[in-house]
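1. predicted model and sequence follow; I will ask about them next.
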Amino acid sequence: MPTIPEHYLKILTNYPIGHLATADQNAHPHLIPICYSSDGVSIVSALDQKPKSTEIRNLKRVKNIISNPQVALLIDHYDDDWQKLWYVLISGTATLLEKGEFQKKAIGLLVDKYPQYQDMCISKSPVIRITPTKITSWGI
């Protein structure tokens, strides 16, 4: 199984927020900020207890992934010194995991990265798993 190159994995480990792009079956885009982690092969994000306006299965990103699993994850850095700008764009295929061993592993990765999750009951939270198909970057 291919792994995420080390220099990208360091960014995935150290930067707290990414922007997940999904699209519905008609190619209408949807972009949201997410918390994420990685096991070195895929990227994961929990559908956690932060306030949401609808049930998890009715979230736009979930509906989009079910109908069109092609996604993109952007992690970027802005600085007033434009010599320090960079981004990593990960294109891939997303799946929704509601239970199983990998879902449990993903929750552990997220709890390790985000101390806030230690105070939330996310052990049964569904997880979005992104399997990268292409990684591109600029400025790093």
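-> Thanks, I have it.

2. could you pull out the strands for this structure?
-> 18-23, 29-34, 37-38, 43-46, 70-77, 86-97, 127-138 (DSSP state E).

3. direction included, what does the shortest one pair up with?
-> Sheet partners assigned to strand 37-38 using DSSP bridges are listed as strand 43-46 (antiparallel).

4. now the partner strand - C-alpha only, CSV.
-> Extracted C-alpha coordinates of strand 43-46, given in CSV (Å, rounded to 0.1, in the frame of the first residue of the first chain):
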residue,chain,number,x,y,z
ILE,A,43,-6.2,10.9,6.1
VAL,A,44,-9.0,10.8,8.6
SER,A,45,-11.6,13.3,10.0
ALA,A,46,-14.3,12.6,12.6
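
5. one step back: deepest of the strands of the chain, which one?
-> Of these, the one with the most neighbours on average (mean count of other Cβ atoms under 10 Å) is strand 43-46, at a mean of 25. In this view, the C-beta of every residue, glycine as well, is placed from N, C-alpha and C.

6. how far does that strand sit from its chain's centre?
-> The chain centre lies 5 Å from the centre of strand 43-46; the measure is Cα atoms, centre = their mean, to the nearest Å.

7. now stretch 124-139
-> 5 Å.

8. with just CA atoms, put that stretch into CSV.
-> Backbone C-alpha positions of stretch 124-139 (Å, rounded to 0.1, in the frame of the first residue of the first chain) are rendered in CSV as follows:
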residue,chain,number,x,y,z
LYS,A,124,-18.5,6.0,18.1
SER,A,125,-18.3,9.0,15.7
PRO,A,126,-18.3,8.2,12.0
VAL,A,127,-15.0,8.9,10.3
ILE,A,128,-14.2,10.2,6.8
ARG,A,129,-11.3,8.3,5.4
ILE,A,130,-9.4,9.8,2.4
THR,A,131,-7.2,7.6,0.4
PRO,A,132,-4.8,9.9,-1.6
THR,A,133,-4.5,9.4,-5.3
LYS,A,134,-2.4,12.5,-6.0
ILE,A,135,-0.5,15.0,-3.8
THR,A,136,0.8,18.2,-5.2
SER,A,137,2.4,21.2,-3.5
TRP,A,138,3.8,24.6,-4.0
GLY,A,139,6.3,26.6,-1.9
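
9. many thanks, I have nothing further to ask.
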